[in-house]
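Q: The following comprises the amino acid sequence and a computationally predicted model.
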Amino acid sequence: MQAIRMSEPGGPEVLILEQVPDPVPGPGEVVVTLRAAALNRRDVFVRKGVAKVPLPLTPGSDGAGIVSAVGQGVTGVSEGDEVVILPSLAWGDDQRAPGPGFRILGGPDQGTYAEQIVIPAANVFPRPARLSWHEAAALPLAGLTAWRALSTRARMHPGETVLVLGIGGGVATFALHIAKAAGCRVVVTSSSDEKLERAAALGADAGINYRTAGDDWPAAVKEVIGGGVDVVVDSVGSTWAGSIDACAPGGRVVVFGGTGGGKVEMMVRPVTMGQVSLLGTTMGSPAEFRQLLEAVDTQSWVPVIDSVRPLADAAAAHEREEAGLHFGKLVLDCG
Ligand SMILES: NC(=O)c1ccc[n+]([C@@H]2O[C@H](COP(=O)([O-])OP(=O)(O)OC[C@H]3O[C@@H](n4cnc5c(N)ncnc54)[C@H](OP(=O)(O)O)[C@@H]3O)[C@@H](O)[C@H]2O)c1
């Protein structure tokens with residue numbers, strides 16, 4: 001089969017299409033012939049060596065396809081099943097946090113930028129019937145992260161106001177859909193007026209351009225909605241202080257990313273006086289993935305696809321993701 005391989009960290013040019021041996025399922029595993037894979041910001045961090053993983057590697061956490069081989073002892077999954085892949089490996093039994101063996105598909109484990117993948121049978125779930133292959137592949141990592149962040153960690157409820165930072169991002173677009181479907185009012189930020197317009201078309205109630213607002217973006221958010229927000233979805237990291245400032249008293253800031261940097265300096269007082277909760281989260285458990293798939297079955301939104309490229313053009317997709325030009329998910333068609 002063909003797969004995108006990287007043997008060293010570097011720019012998009014380190015992602016090379018190669019011929020590699022077909023995977024064979026071990027006990028408890030299945031082989032999925034992939035129809036599509038999708039990018040996450042994590043893939044850029046892996047490619048650049050920011051996230052340290054053993055090389056050579058086939059990157060990629062997201063994928064959907066058809067089960068083409070089944071290992072010994074697998075029950076409940078058969079050849080021909082149309083599946084979507086859960087990229088949380090070995091989450092464990094504790095719903096509060098992943099266990100010590102937790103890993104994310106696509107480093108250290110071989111990922112989805114390939115024609116086929118071998119994966120534990122426990123990590124394949126029926127493809128949501130109403131999603132196309134490209135939409136299904138776009139769902140897992142970002143959809144699950146947004147689901148756990150808002151539903152499990154922030155415990156949003158109808159009528160609350162949710163602020164989503166950087167709406168062009170993959171997780172952010174899922175957060176918008178999930179919060180709107182839960183009956184929340186959603187305000188978003190972006191570096192681009194065009195992305196704000198696209199978010200409005202998806203149901204965002206208000207938008208602030210964080211580039212033109214500068215350091216005053218939290219005040220601009222409060223002004224446009226007439227007060228502080230109940231929940232902030234912050235994947236940026238360097239924005240924590242601003243997210244806390246944007247909160248109404250008792251607000252919750254749910255955090256899972258460091259796109260803007262991995263180190264934060266901020267004042268203690270706005271957190272204590274504002275009674276603000278800072279809630280860390282990471283992807284999600286198999287139980288939460290099931291909840292997400294049920295939501296997809298019963299709700300009407302679909303993952304936002306920025307663009308689709310052939311598997312061989314993974315490097316071009318990385319360039320676009322890294323430059324932050326995208327709105328939603330970049331998808332690779334695996335054939
Ligand atoms: N811990 C976990 O389990 C987990 C899971 C998923 C993602 N993450 C992390 O979450 C982050 C987002 O992931 P992703 O895949 O959704 O990334 P992505 O698609 O590349 O989106 C990144 C977005 O961040 C926004 N952004 C950058 N700087 C900003 C700033 N100063 N203020 C507001 N927004 C800003 C931009 O939005 P605009 O284009 O609209 O300006 C950009 O499109 C990454 O750091 C990723 O590693 C963590």
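A: Cool, the structure landed. Numbers count the residues shown, from 1 in each chain.
Q: So which bits of the stretch 51-200 of the chain are right by the ligand?
A: When proximity is defined by C-beta under 6 Å from any ligand atom, the stretch 51-200 of the chain lies next to the ligand at 141-142, 145, 165-172, 189-192, 195. C-betas here are computed from N, CA, C, even on glycine.
Q: Straight-line length of stretch 139-157, end to end?
A: Stretch 139-157 has an end-to-end distance of 22 Å (criterion: C-alpha to C-alpha, to the nearest Å).
Q: Mark out where each domain of the protein begins and ends.
A: Structural domains of the chain, as assigned by automatic domain parsing, span the residue ranges 2-139+303-333, 144-280.
Q: Indicate which one of these is closest to Arg290.
A: For those, the distance to Arg290 is smallest for domain 2-139+303-333, at 7.2 Å, taking C-beta to C-beta.
Q: mean confidence for the closest one?
A: When the per-residue pLDDT values of domain 2-139+303-333 are averaged, the result is 97.
Q: Which residue, other than its chain neighbours, is closest to Ala213?
A: Distances taken as C-beta to C-beta, 6 or more residues apart in numbering place Ala220 nearest to Ala213, at 4.3 Å, with adjacent residues excluded.
Q: and that neighbour, how many neighbours?
A: A count of nearby residues for Ala220, using other C-beta atoms under 10 Å, gives 20.
Q: any chance of the domains of the chain in CSV, with distance to Leu292 too?
A: Rendered in CSV, the data for those read as follows (distance: least, C-beta to C-beta, whole Å):
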stretch, distance to Leu292
domain 2-139+303-333, 8
domain 144-280, 4
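Q: Kindly report the residues of the stretch 201-335 of the chain close to the ligand.
A: Taking C-beta under 6 Å from any ligand atom, the part of the stretch 201-335 of the chain that reaches the ligand is made up of 210, 235-236, 239, 256-260, 282-283, 321, 324.
Q: for the closest residue to Ala312 other than its chain neighbours, phi and psi?
A: Taking C-beta to C-beta, 6+ apart, and ignoring the residues beside it in sequence, Ala312 has Leu17 as its nearest neighbour in space, at 4.8 Å. With angles defined as degrees, to the nearest 10, Leu17 sits at phi -80, psi 120.
Q: how about Leu17, what does it touch?
A: Taking C-beta atoms under 8 Å, 6 or more residues apart in numbering, we find Leu17 in contact with Gln2, Ala3, Ile4, Arg5, Leu311, Ala312, Ala314.
Q: Quick check: of those residues, which lies closest to the ligand?
A: Of all the contacts of Leu17, Ala314 has the smallest distance to the ligand: 15.0 Å, by C-beta to the nearest ligand atom.
Q: Residue of the stretch 201-335 of the chain closest to the ligand, please.
A: Gly257 (2.4 Å).
Q: Would you agree that residue is in contact with Arg42?
A: No - shown here, Gly257 and Arg42 do not form a contact pair, counting by C-beta atoms under 8 Å, at 9.1 Å.
Q: Please enumerate the shared neighbours of the two.
A: The contact sets of Gly257 and Arg42 do not overlap (C-beta under 8 Å, 6+ apart).
Q: circling back: most neighbours, which of the residues of the stretch 201-335 of the chain next to the ligand?
A: Using other C-beta under 10 Å as the neighbour definition, those reach their maximum at Thr239, which records 27 neighbours.
Q: measure it to Gly76 for me?
A: Distance of Thr239 to Gly76, given as C-beta to C-beta, to the nearest Å: 42 Å.
Q: quick one, what contacts the nearest residue to Arg103 once chain neighbours are set aside?
A: Closest residue to Arg103 in three dimensions, ignoring its sequence neighbours and counting by C-beta to C-beta, 6+ apart: Leu89, at 4.4 Å. Leu89 makes contact with Gly101, Phe102, Arg103, Ile104, Leu105, Asp109, Pro120, Asn123, according to C-beta under 8 Å, 6+ apart.
Q: what's the span of stretch 145-157, first residue to last?
A: From the first residue to the last, stretch 145-157 extends over 18 Å; the measure is C-alpha to C-alpha.
Q: Tell me the buried residues in that stretch?
A: Thr145, Ala146, Trp147, Arg148, Ala149, Leu150, Ser151, Thr152, Arg153, Ala154, Met156 (16 or more other C-beta atoms under 10 Å).
Q: Who are the contact partners of the nearest residue to the second one once chain neighbours are set aside?
A: Put plainly, it is Ala146. With sequence-adjacent residues excluded and distances taken as C-beta to C-beta, 6+ apart, Ala146 is closest to Phe174, at 3.8 Å. Remark: with contacts taken as C-beta under 8 Å, 6+ apart, Phe174 is in contact with Leu139, Ala142, Gly143, Thr145, Ala146, Trp147, Pro303.
Q: Among those, which one lies nearest to the ligand?
A: Here the nearest of the contacts of Phe174 to the ligand, counting by C-beta to the nearest ligand atom, is Thr145; it sits at 3.8 Å.
Q: Test my guess that Gly266 contacts Ser243.
A: Actually, residue 266 is Met. It isn't Gly. No - the pair formed by Met266 and Ser243 falls short of the contact definition of C-beta under 8 Å, at 9.6 Å.
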